[in-house]
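Chemist: Need a 3D model of the sequence below.
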Amino acid sequence: MVKGFVNLHCHGDDCWLWTGHLRNGYPYTKNRRANRVVFELFHRKLRSGEVVHHTCETKACLNPRHLVAMSNEEHRQLHGHDKQLYTKTSRSEVWARRSEAERTAIMEKAWAGRRK
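Modeler: So this is what the prediction gives:
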């Protein structure tokens, strides 16, 4: 599994960009999303129903400092997949529609889960 990580381009706190195989913009090892592998190597094993969120909003990033675990429901809400906000727009546009207070609350909740 580590063999595939030669495709990683790292620079400190910046995004660590995967230059290998991508599926829908996400980095993959042979059969797993590389962001899940990195999260589990640096943080902890993901619990059932958890997904990995990129705080930098860069799908190809594998910097463990940019990866947080959250429930699938929280992730859907974060990206505006709730029925009231979701339209055929980019995730960044949906995120921008949220108020500053909403964005802060969502990220504080995500970071609180990371500290557990």
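Chemist: Helices of this protein, residue ranges please.
Modeler: Using DSSP state H, the helices of the chain run over residues 34-42, 72-78, 91-97, 100-114.
Chemist: Now the weakest link among the ones you listed, please, by mean pLDDT.
Modeler: For those, mean pLDDT drops lowest on helix 91-97, to a mean of 61.
Chemist: residues near Val52, how many?
Modeler: By other Cβ atoms under 10 Å, the residues close to Val52 number 22. Heads up, the C-betas are built off the backbone N, CA and C, glycines and all.
Chemist: thinking it is in contact with Ser71, fair?
Modeler: No: Val52 is beyond contact range of Ser71, at 11.6 Å (criterion: Cβ atoms under 8 Å).
Chemist: What is the neighbour count of Leu62?
Modeler: When neighbours are counted by other Cβ under 10 Å, Leu62 registers 27.
Chemist: for it, what are its contacts?
Modeler: With contacts defined as Cβ atoms under 8 Å, 6 or more residues apart in numbering, the neighbours of Leu62 are Leu8, Trp16, Leu17, Trp18, Pro27, Ala34, Asn35, Val38.
Chemist: Which one of the residues you listed sits in the busiest neighbourhood?
Modeler: Comparing these by number of neighbours (other Cβ under 10 Å), Pro27 comes first, having 26 neighbours.
Chemist: and it, bridged to which residues?
Modeler: In this entry, Pro27 is beta-bridged to Leu22, by DSSP bridges.
Chemist: shift numbering so it begins at 470
Modeler: Right, with 470 as the first residue, what we last looked at is Pro496.
Chemist: That one and Thr488: what is the separation?
Modeler: From Pro496 across to Thr488, the span is 9 Å (Cβ to Cβ, to the nearest Å).
Chemist: Could you do His548 as well?
Modeler: According to Cβ to Cβ, His548 and Thr488 sit 25 Å apart.
Chemist: which one of the two has more residues nearby?
Modeler: Shown here are His548 and Thr488; by other Cβ under 10 Å, His548 has more neighbours (18 against 11).
Chemist: from memory Thr498 sits against Val506, does it?
Modeler: Yes: the pair Thr498 and Val506 qualifies as a contact (Cβ under 8 Å) at a distance of 6.1 Å.
Chemist: I am finished for the moment; much appreciated.
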